[in-house]
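K.L.:
have a look at this fold, sequence not included:
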C-alpha cells in the first residue's frame, strides 16, 4: 500500500481547481494515470458540493487519496451532516448532476459520518495495475 495523502482546501472557488491538481499530481506520481480523468472529474464534483452544500460558513474541505490493491479511494471530508442525494436534473437545470456523474464514473461510492462533525463522501476506482511506491 502507498501512504495515503491528504490536503485541506480553504472555502474559496479556486480550491476546486487546486483539489483537481492535487489529485492529478499524486496519481501520476503513483503511476496510476489511467483513471486520472475520471477521478479528477469526481474531485471537481465532490469538492464543489462540499463548498456549496457541505461546509459551514468559512470552513473548507479535505481531500484524501489512497491506493491499495488496484483500487484508488477518493474521499472529500466536509463539516455538515446533511447527506447528499442523487437526483435526475432536467435539461434546463444548471446544477444537480454532480452525484449522478460520480455514480457513473466511480466503481463504487457512498457517504459516511465523520467525527466529531461532518461527513465523508467517498468514491472508489479500480485500476489496471498496482501502484508503485
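P.N.:
Right, received. Where do you want to start? All values reported here derive from a predicted model rather than from experimental measurement.

K.L.:
quick check: residue 52 vs residue 80, distance?
P.N.:
Distance from residue 52 to residue 80, counting by Cβ to Cβ, to the nearest Å: 11 Å. Just so you know, the C-beta spots here come from the backbone N, C-alpha and C atoms, and that holds for glycine as well.

K.L.:
burial check on residue 39, number of neighbours?
P.N.:
Residue 39 is flanked by 24 other residues according to other Cβ atoms under 10 Å.

K.L.:
swap in residue 43?
P.N.:
24.

K.L.:
what about residue 52 and residue 80, which has more around it?
P.N.:
Remark: of residue 52 and residue 80, residue 80 carries more neighbours, 15 against 10, as counted by other Cβ under 10 Å.

K.L.:
count of neighbours near the closest residue to that one other than its chain neighbours?
P.N.:
Nearest non-adjacent residue to residue 80, counting by Cβ to Cβ, 6 or more residues apart in numbering: residue 54, 4.9 Å away. By the criterion of other Cβ under 10 Å, residue 54 has 24 neighbours.

K.L.:
hmm, residue 54 is touching residue 119, no?
P.N.:
Yes. Between residue 54 and residue 119 there is a contact under Cβ atoms under 8 Å: 7.1 Å.

K.L.:
going by neighbour count, which residues in the longest helix seen in the chain are buried?
P.N.:
Criterion DSSP state H: the longest helix present in the chain is helix 14-29. The neighbour-count check on helix 14-29 (16 or more other Cβ atoms under 10 Å) flags 15-16, 19-20, 22-24, 26-27 as buried.
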